[in-house]
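Predicted model and sequence below, questions to follow.
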Amino acid sequence: MRWTMTWLGLMVGCHAEDPSVGTQAPPVPPTSAGPPIAIDLDAAPNIVLITIDTLRADRLKLHGNTRETAPAISALATQGVTFMDAVAPAPWTLPTLASIHSSLYPSEHSVIGAKTRLNNSVETLAETLRRAGYRTIGVVSNRFASTNYGMAQGFDDFDDSQIVGHHDLSSAGLTRIAVEKLGKGDGPPVFLWVHYFDPHFTFVRHPQFGFADGYTGQFGDQISNADVRDAFNNGGVSDEDVAYAKNVYDEEIAFTDKWIGELLDTESLQGPRKQLTVLTADHGEYFMERGRFFHGEDVYWELVHVPLIIAGDIEPSLVGSRVADTVSLTSIPATIMSHLGIADHSFKGVDLLGDKTARQTTPVFAEGSHLWGRGNQNKAVITPSWKLIHTPATGKLELYNRTTDPTEKDNVYDGKLAPEIQVLQTRLDGFPASAATAPEEAETSPETIRQLEALGYVE
């Protein structure tokens, strides 16, 4: 089969073409949102938060891939809990990362476009942990994870120098910098956030893994947004091309996984202090499902179903377990707070490790938006059995039975709502009750716009 373009969503953050885009962020001034928090720092674990850009859940063996693309991630899962139905709050990087750090959904924290940044009034996970005496370190590789978008709030040490060139790779550099900043692992407990970027488009071959060998089609060893545009303009994309793109993407995952393994095995994280590791992704990716490559705007499963593993310093009975409940990444901060015994925090969400009833009864939402404000914003409420999507601009409602139709192909909404669906519609109609903060404007000088366009984000 040869695919022709029905709607090519080039909402893609490729690696920047200008290596000077990334620079080490200046020291972040203290912005603690409250008084110190008293915890036993000697007993407190190190906390490692790993976020991986564009890691679609079903490309991991944990979620059904027949090949092992990520042995380090699989090994981490044996040491913790794997949440099989974790939902990203948005289908692109900026709003999801803002949600992970704040526990707020996009329409609550108001970071829904490339000209918005996380408001300084929002307390972040790093700020709260710093109030508790943690040393906070951030090492990132996506412009939307940078200081300009408010992501450095609460970090004592923040480095975004690995926002590198369009065809470059950043995983090795990220890992090296993170290990250097960790030092010998002595002193107070550390909160380390590392955001890996390499699985994000452009897809770059890593022949040592061999997943994409034998292809003779129109794409080369690197697949960029320009390559895909040209392919559509010259007759379309074949099944073989799509399979090759997936295979190269799998090699990108394997390459990133190698460096995640190096990070987790570093000597500074192997000392006597316990460690809690949280690994997840900001969103997934399309491979011609619904006629699209890439990501953004939609809230279908391909874009919002992401991996989530919490491992290390957890109850022994949870080690190696898999949880089927539908959960949101917005619950990550509350889970960490509960684990540390910190009640003095403002985070929403539930304790994913402890409160099974709340985990099973708290609604999970996802919100779609386009980074330049184009297209339709939409929102979804999701349970293990159902997904209800509303597009306010058109009034369209979509209902998918996730038990019988897990890939959300058959819209069964007909206006005749069973009681269970009426509850979902009431929840969706009332979400969110109000925005928690007003939008704050990000710096968007001509140079910033140029850099974003170099990433594939064309206004």
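Arrived safely. Residues are numbered from 1 along each chain as shown.

is it true that Thr357 lies in a strand?
No - using DSSP: H, G, I helix; E, B strand; the rest coil, the assignment for Thr357 is helix, not a strand.

Please, which helix or strand holds the residue nearest to Ala436 when sequence neighbours are not counted?
Excluding its sequence neighbours, the residue lying closest to Ala436 (Cβ to Cβ, 6 or more residues apart in numbering) is Glu108, at 4.4 Å. The way it works is simple: take the backbone N, C-alpha and C, and place the C-beta from them, glycine included. Under the criterion of DSSP states H and E, Glu108 resides in helix 106-109.

likewise Ala334?
helix 332-340.

any idea which helix or strand comes after the lowest-mean-pLDDT helix or strand in the chain?
Lowest by mean pLDDT, DSSP states H and E among the helices and strands of the chain is strand 2-3, with a mean of 62. Using DSSP H and E, the helix or strand that directly follows strand 2-3 along the chain is strand 46-52.

tell me the angle that next one makes with helix 332-340.
Calculated by axes from the mean of the first three to the mean of the last three Cα atoms, to 10 degrees, strand 46-52 forms an angle of 160 degrees with helix 332-340.

Select the longest helix from the protein.
Counting by DSSP state H, the longest helix found in the chain is helix 239-264.

Could you report the separation of Thr277 from Val81?
To Val81, Thr277 is 11 Å away according to Cβ to Cβ, to the nearest Å.

hang on, the earlier thing: for the helix holding Ala334, packing partners?
helix 93-102, helix 125-131, strand 275-281 (3 or more Cβ pairs under 8 Å, 6 or more residues apart in numbering; DSSP states H and E).

And the contacts of it?
Residues from elsewhere that reach helix 332-340, judged by Cβ atoms under 8 Å, 6 or more residues apart in numbering: 39, 44-45, 47, 49, 100-103, 125, 128-129, 132, 276, 278, 280, 310, 313-314, 343, 345, 347-355.

Okay, Phe201 and Ile310: tell me how far apart.
According to Cβ to Cβ, Phe201 and Ile310 sit 28 Å apart.

What residues of stretch 433-449 count as buried?
Neighbour counts over stretch 433-449 (16 or more other Cβ atoms under 10 Å) mark Ala436, Thr437, Glu440, Ala442, Thr448 as buried.

tell me the two of those that are most distant?
Among these, the pair separated by the greatest distance (Cβ to Cβ) is Ala436 and Thr448, at 25.7 Å.

overlap in contacts of Thr277 and Val81?
Shared contacts of Thr277 and Val81 (Cβ under 8 Å, 6+ apart): Ile309, Ile310, Ala311.

Any chance of TSV for those residues, columns distance to Thr404 and neighbour count?
Below are these laid out as TSV (distance: Cβ to Cβ, whole Å; neighbours: other Cβ atoms under 10 Å):
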residue	distance to Thr404	neighbour count
Ile309	28	23
Ile310	30	26
Ala311	32	24
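
In JSON lines, list those residues along with distance to Thr147, pLDDT and secondary structure.
Converted to JSON lines, these look like this (distance: Cβ to Cβ, whole Å; pLDDT from 0 to 100; DSSP: H, G, I helix; E, B strand; the rest coil):
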{"residue": "Ile309", "distance to Thr147": "28", "pLDDT": "98", "secondary structure": "strand"}
{"residue": "Ile310", "distance to Thr147": "27", "pLDDT": "98", "secondary structure": "strand"}
{"residue": "Ala311", "distance to Thr147": "29", "pLDDT": "98", "secondary structure": "strand"}
